[in-house]
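> coordinates only, no sequence provided:
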Ligand code: AMP
């Protein structure tokens with residue numbers, strides 16, 4: 001089962017994806033993470049990507065689609081992908097459909113994480129993650145206690161360069177203009193399920209879990 005986890009920045013897509021990969025043996029494909037890996041190369045392309053990300057804008061579809069196709073051709077993760085942060089516009093949604101059909105796959109479910117924009121700025125600007133296991137914490141709502149993994153003893157808490165108040169409002173604008181229309185595209189295929197993402201992390205995971213179990217019945 002391939003799933004798209006959908007929602008504005010700060011809705012909890014990454015957090016809920018971590019839950020899904022452990023409980024349903026899925027593979028998280030986050031285009032944001034793939035891009036952040038790309039930034040480490042310090043190439044000319046990397047600096048172009050970095051300035052777009054820090055401006056809260058979308059990186060070009062060509063770059064994204066190349067990154068995605070590399071993963072879709074990997075048979076070891078076929079039909080168990082959770083798409084996090086992708087697709088980000090209608091064009092990408094259509095490309096995803098044709099790439100999936102090329103590899104004899106499809107999207108079974110779009111989880112629509114619904115959250116009031118008023119809480120997003122605090123969720124995003126308080127976000128930090130463990131440098132070792134990548135677990136996410138929030139300085140306001142979920143303070144960074146020690147991680148479960150003993151290897152994380154020497155961790156550093158990382159903050160994303162685009163997780164600041166100024167960039168957040170630009171990212172939300174981009175979301176409204178380019179990303180939100182995808183919901184109509186997927187609704188017409190009857191694969192969207194709404195999730196109340198205002199609740200705490202565990203309650204949101206429970207909602208998601210019951211949606212997936214219902215679908216598998
Ligand atoms: P995320 O980690 O999903 O919040 O993404 C961080 C930033 O990476 C976004 O604000 C965009 O600049 C860029 N990005 C991530 N995914 C995509 C995508 N599918 N298409 C275009 N840009 C993306």
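Nice, thanks for sending it over. Predicted, not measured: the structure shown is a model, and the values here were computed from it.
> near the ligand, which residues of this protein?
Remark: the part of the chain in contact with the ligand comprises 9, 31-32, 35, 52-53, 56-59, 64, 85-86, 88, 92, 162, 171, using C-beta under 6 Å from any ligand atom. (C-beta placed from N, C-alpha, C; glycine too.)
> give me the buried entries from these.
9, 31-32, 35, 52-53, 56, 58-59, 64, 85-86, 88, 92, 162, 171 (16 or more other C-beta atoms under 10 Å).
> which one of these is nearest to residue 149?
For those, the closest approach to residue 149 (C-beta to C-beta) belongs to residue 32, at 22.3 Å.
> before we move on, which element is that closest one in?
helix 31-39 (DSSP states H and E).
> from the buried ones among the residues of the chain next to the ligand, which is closest to residue 135?
Looking across those and measuring by C-beta to C-beta, the closest to residue 135 is residue 32, at 16.1 Å.
> what sits opposite the most centrally placed residue in the chain in the beta ladder?
With distances taken as C-alpha atoms, centre = their mean, the residue of the chain nearest its centroid is residue 84 (2.8 Å). Beta-bridge partners for residue 84, by DSSP bridges, are residue 5, residue 30.
> same check on residue 195?
Taking DSSP bridges as the rule, residue 195 bridges to residue 113.
> so it makes contact with residue 114?
Yes: judged on C-beta atoms under 8 Å, residue 195 makes contact with residue 114 at a distance of 6.6 Å.
> and the longest helix belonging to the chain, what does it pack onto?
Assignment by DSSP state H gives helix 201-216 as the longest helix of the chain. Packing partners of helix 201-216 (3 or more C-beta pairs under 8 Å, 6 or more residues apart in numbering; DSSP states H and E): helix 13-24, strand 109-114, strand 192-196.
> which of the residues in it are buried?
Buried residues in helix 201-216, defined by neighbour count with 16+ other C-beta under 10 Å: 201, 204-205, 207-208, 211-212.
> for residue 70, give its distance to residue 46.
17 Å (C-beta to C-beta, to the nearest Å).
> looking at these two, which is more packed in?
When residue 70 and residue 46 are compared on other C-beta atoms under 10 Å, the one with more neighbours turns out to be residue 46, at 15 against 10.
> name the residues that touch the longest helix of the chain?
1, 3, 12, 15-16, 19-20, 23-24, 108-109, 111, 113, 142, 193, 195-197, 199 (C-beta atoms under 8 Å, 6 or more residues apart in numbering).
> avg pLDDT for it?
Helix 201-216 comes out with an average pLDDT of 96.
> for it, what is the distance to the chain centroid?
On the basis of C-alpha atoms, centre = their mean, to the nearest Å, helix 201-216 sits 17 Å off its chain's mean C-alpha point.
> between that helix and helix 13-24, how many degrees?
On the basis of axes from the mean of the first three to the mean of the last three C-alpha atoms, to 10 degrees, helix 201-216 is oriented at 50 degrees to helix 13-24.
> now helix 201-216 against strand 192-196, angle please.
Angle, helix 201-216 to strand 192-196, by the same axes, to 10 degrees: 160 degrees.
> just the ones of the buried ones among the residues of the chain next to the ligand in helices?
Mapping these onto helices (DSSP H) picks out 31-32, 35, 52-53, 64, 92, 171.
> kindly reformat these as a markdown table containing pLDDT.
Shown next, in a markdown table, are these (pLDDT from 0 to 100):
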| residue | pLDDT |
| --- | --- |
| 31 | 96 |
| 32 | 95 |
| 35 | 95 |
| 52 | 96 |
| 53 | 96 |
| 64 | 96 |
| 92 | 97 |
| 171 | 95 |
